[in-house]
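Novice: prediction below, plus the sequence it came from.
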Amino acid sequence: RGGGQEASREVDVKERRAQLRSCEKDAAVRVEDEAAVLDDEEEEEVEEAQQQQRLRERREQQHAPQPKRRRFEAVTYLEALWMATVGGAQSVGMGEELGLLEPGFLFDALVVDLAAPGSRIEIFSTDSELDLLEKWLSLGDDRCIRQVFVNGRDVTPAPLEPWLTGHGRALGECRAQRASA
């Protein structure tokens, strides 16, 4: 009897082990299926959460103060002239005294000769007044200035020594001489 009981126990143990293995396999399959289902559900939840986050960020961006985007545009020559005259006078609080060539305004002006000796400006018969203004603002320098008026008074300096006029050109010539030496 003792041996039979042991044998029966061994069979029971073997059967239980087999059942457990079978159950484990079934459970593993079920666990894998459930994991797959959970993964799909979790993926959907994650996607939904990400979508909600993107929507929140878009709303925040729409309602948050945005830094101003600077859009640089070239200043026209007429705008540059206005800034140097009327706009400049207004910016320093003297717009009612300076900036215009009209009675009652202080007379601050330059008399310019674009064809002055040493000038880099080429003048053509087809140049309009605007063309000449553009050339002066782009290429003009002290060689083109004939008279200077400040507050209605002529303050033109005495002619400089000949070697000082056209200082930009003279500096370039000095550099060229040094390079060739």
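Specialist: Done, it's in.

Novice: sheet partners, orientation included, of the strand ranked longest in the chain?
Specialist: If you go by DSSP state E, the chain has its longest strand at strand 145-150. Taking DSSP bridges as the criterion, strand 145-150 pairs within the sheet with strand 109-112 (antiparallel), strand 153-154 (antiparallel).

Novice: just the residues contacting the longest one, thanks.
Specialist: Put plainly, it is strand 109-112. L101, W136, G140, C144, I145, R146, Q147, V148, F149 (C-beta atoms under 8 Å, 6 or more residues apart in numbering). C-beta here means a position set from N, CA and C on the backbone, and glycine is covered the same way.

Novice: from those residues, list the buried ones, please.
Specialist: W136, G140, C144 (16 or more other C-beta atoms under 10 Å).

Novice: any regions of the protein where pLDDT drops low?
Specialist: Counting by pLDDT under 70, the ranges of the chain that qualify are 1-13, 16, 19-40, 59-69, 160-181.

Novice: would you map the helices across it?
Specialist: 2-63, 77-82, 88-91, 129-139, 167-180 (DSSP state H).

Novice: what residues sit buried inside the third one?
Specialist: Same thing as helix 88-91. For helix 88-91, using 16+ other C-beta under 10 Å, the buried residues are A89.

Novice: export that helix to CSV, keeping only CA atoms.
Specialist: Output of helix 88-91 as CSV, limited to C-alpha atoms (Å, rounded to 0.1, in the frame of the first residue of the first chain):
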residue,chain,number,x,y,z
GLY,A,88,15.6,113.6,-36.9
ALA,A,89,14.3,117.0,-35.7
GLN,A,90,11.1,115.4,-34.4
SER,A,91,13.0,112.6,-32.6
